[in-house]
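Asker: what's the 3D shape of this:
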Amino acid sequence: MNEGRKSGYQILVVDDDPEWHEILALLFSRKGWKTETALNGERALARIAAGGIDVVVCDLSMPGMSGLEVLRRVRAMDASLPFIMMTGVGTIESAVEAVQLGAYSYLTKPVNNAELAALVQRAAEHARLHSQLLDRPRENKTPVSLIYNSPSMKQVLRTIGKVAGTSVPILITGETGTGKSRLAEYIHRASPLRDRPFLTIDCAALPESLLESELFGHVKGAFTGAVSTRRGLLEEAQGGTVFLDEIGELSPSTQAKLLRAIQEHEIRPVGSNRSVSIDVRFIAATHRNLEEDVKTGRFREDLFYRLSVIPLYLPPLRERREDLAALIGFFISRFNERYGRNVTQISPAAMNILYHQPWKGNIRELENVLERAFLLTEGDRLMPESLGTMAEVAAGIVPSSGEAALPDTPLSLSDAVRNAEIQALQQALALCNGNKTQAAELLGIGRRTLYDKLAQFGLMDRRGGKTILKVSKAALTLLA
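Answerer: Numbering: from 1, shown residues only. I've put the predicted structure just below:
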């Protein structure tokens with residue numbers, strides 16, 4: 001996994017309408033992507049066979065070879081090339097068939113340009129994730145803080161590149177789980193101090209008396225239990241970097257002593273009347289809003305300005321979703337090495353569920369969810385059912401947060417149960433790309449029970465000797 005990811009995708013638009021070619025070429029060029037076009041399926045297949053295409057956007061209804069036939073032949077050549085089907089006269093049956101054939105998503109014209117561009121980007125990232133998992137190096141030593149593709153993270157790394165070689169204090173802010181401590185380690189390794197000590201102290205983990213002793217040291221007899229003189233971390237880290245994690249938890253008295261250490265480059269051990277010179281770089285981090293704490297008097301204003309000469313804000317994962325595919329690939333590669341497995345694919349439905357999570361725990365939560373799903377996955381493909389309750393929330397089986405809103409007009413109990421079952425069946429089928437065995441497993445029922453339910457609710461009939469699933473458009477949006 002590299003610092004900064006290539007984003008210049010090569011998109012193939014297959015449509016018999018030249019005007020539509022121009023519209024999409026203009027849309028994609030604004031994103032920095034290259035667009036190639038084909039007026040029919042034969043030309044599209046020839047271009048795809050030549051290689052180098054990242055995503056195919058194809059119309060369903062074309063003279064000669066239909067979009068479904070193009071998709072069928074593409075899958076015979078390349079099982080993982082992202083294929084987005086579009087049509088102005090779509091039906092539920094054609095949408096389900098497209099998904100069953102392996103389409104990444106199915107859209108009905110007219111489309112929202114921003115949504116289409118976002119979908120193309122996600123599809124391309126998804127494909128590259130598979131490629132990276134298949135071709136991964138045996139050992140991945142890249143720090144997770146450097147797995148990024150989003151503009152906000154690129155800006156953070158650009159700033160670090162400008163200041164890593166200096167000794168100015170840096171304040172890293174951001175929610176819990178965004179990787180602040182990992183970023184602090186990276187800054188130290190990118191600096192001329194890389195061969196010197198890097199010491200971390202969690203300001204929230206120790207009571208005030210012990211924290212001061214850890215930072216500044218103490219002399220023998222300074223307090224009960226001080227049986228010998230001990231140097232503090234600020235003295236131990238001479239010539240290196242001290243990382244003060246959760247600095248917003250410092251007490252007022254410790255804040256005053258730390259301010260003196262930063263300003264005067266000296267400390268006074270607890271119980272001593274002698275000062276000790278120090279030469280260290282300070283990096284601090286907090287999940288708190290220190291500017292608000294300054295206004296309320298909880299944090300010293302002068303210390304805040306001393307620490308935040310260079311402020312760095314790590315955005316939460318929900319604000320940098322462009323990084324999700326890269327992070328997922330990073331963690332899956334790590335788990336493959338750790339557990340001796342070979343998971344190389346993630347289904348579009350599972351990827352869609354992960355993409356739409358709020359990620360309140362940020363990267364730490366993502367790693368936890370992926371490790372659990374990885375361990376529950378059978379074979380080489382991570383499916384929605386491995387995501388457990390997360391997949392149930394996405395399918396509408398349980399509310400995503402809080403209590404479900406009550407309808408204005410009460411339903412009878414039997415109607416409410418029937419509607420809930422229909423919704424669960426439709427969305428489980430959509431999440432599992434129409435695979436009835438997987439849908440049954442996701443719902444926790446037998447395959448025969450699933451067939452009985454589909455027949456009971458009129459969700460399955462037979463036309464021309466073929467079983468047709470009736471999946472709602474709302475359910476199909478889960479694959480977008």
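
Asker: show me where the stretch 1-150 of the chain has helices.
Answerer: 18-29, 41-50, 67-77, 92-100, 113-134 (DSSP state H, counting those that start in this stretch).

Asker: nearest to Thr35, of these?
Answerer: The closest approach between Thr35 and any of these, judged by Cβ to Cβ, belongs to helix 18-29 at 4.1 Å. In this view, the C-beta of every residue, glycine as well, is placed from N, C-alpha and C.

Asker: avg pLDDT for that closest one?
Answerer: The pLDDT scores in helix 18-29 average 90.

Asker: surely Arg274 meets Thr229?
Answerer: No: with contact defined as Cβ atoms under 8 Å, Arg274 does not reach Thr229; the gap is 11.1 Å.

Asker: mean neighbour count and distance to Asn289 for the helices of the stretch 1-150 of the chain - can I get that in a markdown table?
Answerer: What follows is the helices of the stretch 1-150 of the chain, written out as a markdown table (neighbours: other Cβ atoms under 10 Å; distance: least, Cβ to Cβ, whole Å):
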| stretch | mean neighbour count | distance to Asn289 |
| --- | --- | --- |
| helix 18-29 | 15 | 38 |
| helix 41-50 | 16 | 51 |
| helix 67-77 | 18 | 50 |
| helix 92-100 | 20 | 45 |
| helix 113-134 | 19 | 30 |
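
Asker: sorry, back to before: quick one: which of Arg274 and Thr229 has more around it?
Answerer: Using other Cβ atoms under 10 Å as the criterion, Arg274 and Thr229 rank with Thr229 on top: 14 against 7.

Asker: relative to Leu129, how far out is the spatially closest residue to Arg381 that is not a sequence neighbour?
Answerer: Nearest non-adjacent residue to Arg381, counting by Cβ to Cβ, 6 or more residues apart in numbering: Gln345, 4.3 Å away. Using Cβ to Cβ, to the nearest Å, Gln345 is found at 9 Å from Leu129.

Asker: now do Ser251
Answerer: 46 Å.

Asker: then Tyr305?
Answerer: Counting by Cβ to Cβ, the separation of Tyr305 from Leu129 is 42 Å.

Asker: from start to finish, how long is stretch 219-235 in a straight line?
Answerer: 13 Å (Cα to Cα, to the nearest Å).

Asker: spatially central residue in the protein, please.
Answerer: Nearest to the mean C-alpha position of the chain, counting by Cα atoms, centre = their mean, stands Leu324 at 2.8 Å.

Asker: re the thing from before, in this structure the residue nearest to Arg381 contacts Gly102, no?
Answerer: No: contact criterion Cβ under 8 Å: Gln345 and Gly102 do not qualify, at 11.6 Å.

Asker: gap between Ser181 and Glu235?
Answerer: Per Cβ to Cβ, Ser181 is found 22 Å from Glu235.

Asker: buried residues of stretch 147-166, list them for me.
Answerer: With burial defined by 16 or more other Cβ atoms under 10 Å, the residues of stretch 147-166 counted as buried are 147-150, 153, 156-157, 160, 163-164.

Asker: could you report the pLDDT at the spatially closest residue to Lys31 that is not a sequence neighbour?
Answerer: Excluding the flanking residues, the one nearest Lys31 by Cβ to Cβ, 6+ apart is Ala117, at 5.7 Å. pLDDT, Ala117: 88.
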